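Q: below are the sequence and a predicted model; questions follow.
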Amino acid sequence: MKNSTRKPAFIPSIYCSLFGHDYEISKKVTKHVKEYTCCHCKKELTTNSNGNLIELTPKFKEINNILERIHESRMRRLKRKSFASSIC
Ligand SMILES: [Zn+2]
């Protein structure tokens, strides 16, 4: 009996080591900090405070969540400020 159902098994990490990761922006944390995900192996990266790309560890995920919250509240305050100054 022939085994005809055999498919070439591509292991994503091998693809990435051959062709490199294919990162897409998965989340915008702030204007400068973004999270990236490789669409082949799902490896995640983030931008650190120096602007370098580093691996997105649970610790950095937590930092990014805090950053995102600070950024959001700052943007909200900025909007309110410009609204108030347009009245005065
Ligand atoms: Zn990859």
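A: Okay, I see it.
Q: hey, let's count contacts and neighbours off CA atoms from now on
A: Fine.
Q: tell me the spacing between residue 47 and residue 76.
A: Using Cα to Cα, to the nearest Å, residue 47 is found at 23 Å from residue 76.
Q: what do you get for residue 82?
A: 10 Å.
Q: find the nearest non-adjacent residue to the residue nearest the centre of the chain, please.
A: For the chain, the residue nearest the mean C-alpha position is residue 35 (1.4 Å; Cα atoms, centre = their mean). Leaving out its chain neighbours, the residue that sits closest to residue 35 by Cα to Cα, 6 or more residues apart in numbering is residue 46, at 4.4 Å.
Q: where does the one you found land in three-state SS?
A: strand (DSSP: H, G, I helix; E, B strand; the rest coil).
Q: list the contacts for it?
A: Contact analysis of residue 46 by Cα atoms under 8 Å, 6 or more residues apart in numbering lists 33, 34, 35, 36, 53, 54, 55, 56, 60.
Q: can I get these in CSV with distance to residue 23, pLDDT and secondary structure?
A: Output for these, formatted as CSV (distance: Cα to Cα, whole Å; pLDDT from 0 to 100; DSSP: H, G, I helix; E, B strand; the rest coil):
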residue, distance to residue 23, pLDDT, secondary structure
33, 15, 94, coil
34, 11, 95, strand
35, 9, 97, strand
36, 6, 97, strand
53, 11, 93, strand
54, 12, 95, strand
55, 12, 96, strand
56, 13, 97, coil
60, 18, 95, helix
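Q: list, one by one, the residues from this protein near the ion.
A: By Cα under 5 Å from the ion, the part of the chain that sits against the ion consists of 16, 21, 38, 40, 41.
Q: at 6 Å instead, please
A: Residues of the chain lying close to the ion (Cα under 6 Å from the ion) are 13, 16, 21, 22, 38, 40, 41, 43.
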